[in-house]
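**Student:** Predicted coordinates and the sequence they were generated for:
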Amino acid sequence: MKAVRFHAHGGTDVLQYEDAPDPQVHAGHVCIRVAACALNHLDLWQRRGLDRVRLPMPHISGADISGTIAEVGADVAGLTVGQRVMLQPGVSCGRCEKCLSGRDFLCRSYDVLGYQSAGGYAELVVVPAANVIPIPDHIDFISAAAFPLTFLTAWHMLYGGGGLTSASTVLVVAAGSGVGQAAVQIAKAARARVITTARGADKCARALALGADHVVDSTTEDVAKRVKTLTDGRGVDIVIEHVGVATWDASVCSLTTGGRLVTCGATTGYDATLDLRHLFARQLTFVGSYMGAKQELLQAADGLFRGWFAPVIDQTFPLAEARAAHERLESGAQFGKIVLTSTI
Ligand code: ZN
């Protein structure tokens, strides 16, 4: 098969579009002919190299995958060759106390497709049958690839970490990011009040079109001040944060007393500081979040299939142009998901 692999960590030039061995299908697994694979920031960290994490080399990234079933392994029931599917990005043991209580994202062996296993920057990928989610005919492959990781992450952050209800006021940082566009849509579907941020007039207009009640232009406005004005000095119940150092202080200041900040990333740096007086005097809660439960993705996917959610696609690139796709994501110019296409 053709795949995009890297043999050593580095810049985008380490990504090689090349021949790779077809993956072998073992029992309990299926082989997917990849139609589309969406990029995530995780892919950039993998390519650059992570402290204390050794990746299998040569490495095939890609956690967000859609396609058709090419082969079904032994001991797999209910799935057939040719079926259109998208994939759960999280892989777990399925046997431990965490997995059996529906909190597979806390499993000690938790992994994401394309991390310790080969991912979707390829024509074929082999995954556990438990990761396969059949998709209806009206869902196109690009939307199906752009959906799982960010909607799962945002769903778990809002409901699991934030305690989202229709009475919540939510600040979603960076509506143009993968998690941001998903969080705005999920919070609005729950009829919460949503304030979001974006950089520049064009992205602000697109954030409003997503359904946000208010958008703050973070290039010209003081975010925390504007949030306080929009909430009559109260602040928000939930902040969905993933940007890190660049937005952290404004995010903390935007919380109401008893508010919850949920974070799943630090793309601008992780050395944020916290004034402990805010923590106890304002009785704030800080929640770290990584991925989410398989059951939560199925709940979110139901919303996709019913037409409540539509992942925002920034741009698609043929698999062979993965370097350009990585450069686009690194530039921060995107609004929504960047997707590699393979056989469609
Ligand atoms: Zn487990």
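**Tutor:** That came through fine.
**Student:** On the three-state scheme, the most centrally placed residue in the chain is what?
**Tutor:** With distances taken as Cα atoms, centre = their mean, residue 150 lies nearest the centre of the chain, 2.4 Å away. Recorded secondary structure, residue 150: helix (DSSP: H, G, I helix; E, B strand; the rest coil).
**Student:** cool, and the one 4 residues further on?
**Tutor:** Going by three-state DSSP, the secondary structure assigned to residue 154 is helix.
**Student:** Can you verify my assumption that it contacts residue 189?
**Tutor:** No - if you go by Cβ atoms under 8 Å, residue 154 and residue 189 don't touch, sitting 11.1 Å apart. Using the backbone N, CA and C atoms, a C-beta is placed for each residue, glycine as well.
**Student:** So for those two, which residue has more residues nearby?
**Tutor:** residue 154 (31 against 14; other Cβ atoms under 10 Å).
**Student:** which residues touch that one?
**Tutor:** Contact analysis of residue 154 by Cβ atoms under 8 Å, 6 or more residues apart in numbering lists 179, 182, 183, 186, 240.
**Student:** Looks to me like the first one is in a helix.
**Tutor:** Translated: residue 179. Yes - counting by three-state DSSP, residue 179 is part of a helix.
**Student:** Near residue 331, how many other residues are there?
**Tutor:** Residues near residue 331, counting by other Cβ under 10 Å, number 8.
**Student:** now do the one 3 residues further on
**Tutor:** Each residue near residue 334 was counted by other Cβ under 10 Å, and the total is 20.
**Student:** just residue 246 next, same as before
**Tutor:** 16.
**Student:** Report the distance from the helix or strand where it lies to the chain centre.
**Tutor:** Using DSSP states H and E, residue 246 falls within helix 245-253. Put simply, helix 245-253 sits 21 Å off its chain's centre (Cα atoms, centre = their mean, to the nearest Å).
**Student:** can you pull the buried residues of that helix?
**Tutor:** Within helix 245-253, the residues that count as buried by 16 or more other Cβ atoms under 10 Å are 246, 247, 248, 250, 251, 252, 253.
**Student:** Could you do stretch 258-272 as well?
**Tutor:** For stretch 258-272, by 16+ other Cβ under 10 Å, it's 259, 260, 261, 262, 263, 264, 265, 266, 267, 272.
**Student:** burial measure for the closest residue to the third one other than its chain neighbours, as a count.
**Tutor:** Translated: residue 261. Spatial nearest neighbour of residue 261, excluding adjacent residues (Cβ to Cβ, 6 or more residues apart in numbering): residue 239 at 4.5 Å. Residue 239 has 30 neighbouring residues, counting by other Cβ under 10 Å.
**Student:** Contact partners for residue 239?
**Tutor:** By Cβ under 8 Å, 6+ apart, the contact set of residue 239 is 170, 171, 173, 251, 252, 254, 255, 259, 260, 261, 262.
**Student:** Tell me what angle the helix or strand that contains it forms with helix 245-253.
**Tutor:** Using DSSP H and E, residue 239 sits within strand 236-241. Angle, strand 236-241 to helix 245-253, by axes from the mean of the first three to the mean of the last three Cα atoms, to 10 degrees: 170 degrees.
**Student:** helices or strands next to the helix or strand containing residue 261 in the packing?
**Tutor:** Element membership for residue 261 (DSSP H and E) is strand 255-263. Packing contacts for strand 255-263, counted by 3 or more Cβ pairs under 8 Å, 6 or more residues apart in numbering; DSSP states H and E, involve strand 236-241, strand 285-288.
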